[in-house]
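Need the 3D shape of this:
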Amino acid sequence: MTFRVTVLGAGSIGIFVGGKLAAAGADVTFVGRPRVCEAIAATGLRLTDLDGGDDRVAASGFHVATEPDSAATADLVLVTVKSGQTADAAKQLIGRVHPGTVVLSLQNGIGNDTVIRETVPSCVVLAGMVMCNVVQHEGGRFHRGSAGGLAVADDPALERFVPLFRRAGLALDRHADLRPVQWGKLLLNLNNPINALSGRTLREELSERDYRRCLSLAQSEALAVMHRARIRPARLTLLPPELLARLLTVPDAVFDRVAGQVLAIDPMARSSMADDLALGRKTEISWLCGEIVNLGRMVGLPTPVNARLIELITAAENGDTRTWTGAELLAQLRAAKNSTP
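The predicted model follows:
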């Protein structure tokens, strides 16, 4: 059986995941901006990874569109738009997608699946997360630049798609409750604004102690509000979240020795937030640091570090092109923290 898959959101993540499914034999339609669709239709796709994987899909091996009409016949819809576009993307499915269709949200943040479910309640809407970084190169090449696969909320409706994802090299890590994983990934994603403000690659940024100290401040603040809210984030690294936040502050030589997995990143990889700023797009800061600030308000704990990161990214979205050294950014975040009673 050939599964029909609609990818709603033809960005780096959507194209990589959809491209791997197309390479595994699925009939895939990418829905996105005309510029992106025209580009991949002209070049075809090359899908590589840091482990040496290299798949190619000719332009004839997939479809492109600017509207999700293909959702009407899709077996599976992958929603891979930025979190701020979720509501609009879900509305595009109304009147197109059939009841019972599996709609899988592969997005950062918390609650995107709820937004989709409220819009198309007749579908089987499931939360999911892509746990790796994807870098777009010229010529239709999309590269998985870090370790990680797909984490999804488990449901019997997923069972028939398991062989397809396995053939694609995208084994589904299924969870009865995905929320702890989402909160754990959000903790790691608090590095996105720091990386974007640094102007450096992820490997360069994480190799510098002052940038890691910035991330430790953001994570420690987040962990405090999660603890107050009785949220237990999943352990997604070799160390539990609390110990990782401490490890980030050690000298570079020590960090290099004990945290090799953290630095096992493609040397050219940057955060998706850095890519968004470079392209003049709005970022997902409200669904990352903003989640922590909102949770802090709910539980009565101040979150000045994450609030300051929001301010700096918002300034960058509005045209501030400054890049920050680790020492400069650390001073900003420490000042914000110390200014709160």
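
chain center to stretch 171-190: distance?
11 Å (C-alpha atoms, centre = their mean, to the nearest Å).

residues making contact with it?
Stretch 171-190 has contacts (C-beta atoms under 8 Å, 6 or more residues apart in numbering) with 108-110, 127-129, 131, 149-154, 158, 161-162, 165, 215, 218-219, 222-223, 226, 231-237, 241, 288-289, 291-292, 306, 309. Where you see a C-beta, it was placed from the backbone N, CA and C, and this is true even at glycine.

And those residues, which of them are buried?
Applying 16 or more other C-beta atoms under 10 Å to the contacts of stretch 171-190, the neighbour count classes 108-110, 127-129, 131, 149-153, 158, 161, 165, 215, 218-219, 222-223, 226, 231, 233-234, 236, 241, 288-289, 291-292, 306, 309 as buried.

In helices only, show me the residues you listed.
165, 215, 218-219, 222-223, 226, 241, 289, 291-292, 306, 309 (DSSP state H).

For residue 340, state which of those is nearest.
Residue 340 lies nearest to residue 306 out of those, by C-beta to C-beta, at 11.6 Å.

Which residues are in contact with that closest one?
Each residue near residue 306 by C-beta under 8 Å, 6+ apart is listed here: 190, 218, 221, 222, 289, 290, 292, 293, 296.

Same list (the residues you listed) but as TSV, adding pLDDT.
Compiled in TSV, the contacts of residue 306 are given as follows (pLDDT from 0 to 100):
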residue	pLDDT
190	98
218	98
221	98
222	98
289	98
290	97
292	98
293	98
296	98
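
ok, these vs residue 92, which is closest?
Among the contacts of residue 306, and counting by C-beta to C-beta, the member closest to residue 92 is residue 290, at 24.2 Å.

what about the nearest residue to that closest one once chain neighbours are set aside, neighbour count?
Once flanking residues are discounted, residue 290 sits nearest to residue 310: 6.2 Å by C-beta to C-beta, 6 or more residues apart in numbering. The burial count assigned to residue 310 is 19, neighbours taken as other C-beta atoms under 10 Å.

and if you look at the one 3 residues further on?
When neighbours are counted by other C-beta under 10 Å, residue 313 registers 27.

Find me the pLDDT at residue 255, would you?
Looking at residue 255, its pLDDT is 88.

so it makes contact with residue 247?
Yes. Using C-beta atoms under 8 Å, residue 255 is in contact with residue 247, at 6.8 Å.

In three-state terms, how would residue 204 be classified?
Classification of residue 204 by DSSP: H, G, I helix; E, B strand; the rest coil places it in helix.

Next up, the contacts around the residue nearest the centre of the chain.
Centroid-nearest residue in the chain: residue 108, 4.3 Å away (criterion: C-alpha atoms, centre = their mean). Residues near residue 108 by C-beta under 8 Å, 6+ apart: 83, 129, 185, 186, 189, 272, 284, 287, 288.

just the ones in helices among the buried ones among the contacts of stretch 171-190 now: which is nearest residue 330?
Using C-beta to C-beta, residue 215 comes nearest to residue 330 of these, at 10.1 Å.

And the helices in the stretch 51-200 of the chain?
Taking DSSP state H, counting those that start in this stretch as the criterion, the stretch 51-200 of the chain carries its helices at 86-93, 112-119, 162-167, 179-189, 191-198.

How many neighbouring residues does residue 297 have?
12.

Confirm it sits in a helix?
Yes. Counting by three-state DSSP, residue 297 is found in a helix.

Report the separation between it and residue 229.
11 Å (C-beta to C-beta, to the nearest Å).

The longest strand along the chain vs helix 112-119, what angle?
When the chain is parsed with DSSP state E, its longest strand is strand 124-130. Relative orientation of strand 124-130 and helix 112-119, computed by axes from the mean of the first three to the mean of the last three C-alpha atoms, to 10 degrees: 160 degrees.

quick one on the thing from earlier: compare the helices of the stretch 51-200 of the chain and report which one is nearest to residue 58.
With C-beta to C-beta, the closest approach to residue 58 among these belongs to helix 162-167: 18.0 Å.

Pull that closest one out as CSV, backbone CA atoms only.
Only the C-alpha atoms of helix 162-167 are listed here, as CSV (Å, rounded to 0.1, in the frame of the first residue of the first chain):
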residue,chain,number,x,y,z
VAL,A,162,5.0,2.4,11.8
PRO,A,163,6.6,0.3,8.9
LEU,A,164,6.7,3.4,6.7
PHE,A,165,8.5,5.5,9.2
ARG,A,166,10.9,2.6,10.0
ARG,A,167,11.8,2.2,6.3
